[in-house]
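Visitor: pasting the sequence and the predicted coordinates here, then a few questions.
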Amino acid sequence: MKNLAAQFIIYEKLVTTEAKAKVLRPYVERLITKGKMGITTKQRQAVTRDLMKYIPLPSAVRKTFDVLAPRYADRKGGYTRIVKMGQRQGDGARAARIEFV
């Protein structure tokens, strides 16, 4: 889930199975909310250490603070949407695209 969340934050949309998208949504929304909290330098350092537990890529953590947190500063939640895309050709699993609003 950590790598899936990091890739989702970096690329801002992701095609995966519907089940994984539903699990990923609250995971990423909590990370964005934590990114919004880091205001001063000490608070940002503490939140960065906390986010590094959940996101293995430092570039994704940086993007959470620099791009996503300011974008959703006035929004209280609901940063993502899941769009159902039908079934995959190979195994018939239900596919979905998860993206930021």
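Guide: Thanks, I have it.
Visitor: return the distance of the residue nearest the centre of the chain relative to T41.
Guide: Nearest to the mean C-alpha position of the chain, by C-alpha atoms, centre = their mean, lies V28 at 3.4 Å. Between V28 and T41 the computed distance is 25 Å (C-beta to C-beta, to the nearest Å). For every residue, glycine as well, the C-beta is placed using N, CA and C.
Visitor: ok, S59 next?
Guide: Distance from S59 to T41, by C-beta to C-beta: 20 Å.
Visitor: may I ask which helix or strand encompasses the nearest residue to the residue nearest to the centre of the chain once chain neighbours are set aside?
Guide: Of all residues beyond its chain neighbours, the one nearest V28 is A5 (5.4 Å), with distances taken as C-beta to C-beta, 6 or more residues apart in numbering. Following DSSP states H and E, one finds A5 within helix 2-11.
Visitor: got the angle between the helix-or-strand element of the chain with minimal mean pLDDT and helix 2-11?
Guide: Lowest on mean pLDDT, DSSP states H and E among the helices and strands of the chain sits helix 41-54, with a mean of 78. Helix 41-54 runs at 130 degrees relative to helix 2-11, counting by axes from the mean of the first three to the mean of the last three C-alpha atoms, to 10 degrees.
Visitor: enumerate every residue touching E99.
Guide: Shown in contact with E99 (C-beta atoms under 8 Å, 6 or more residues apart in numbering): E12, K13, L14, T80, R81, V83.
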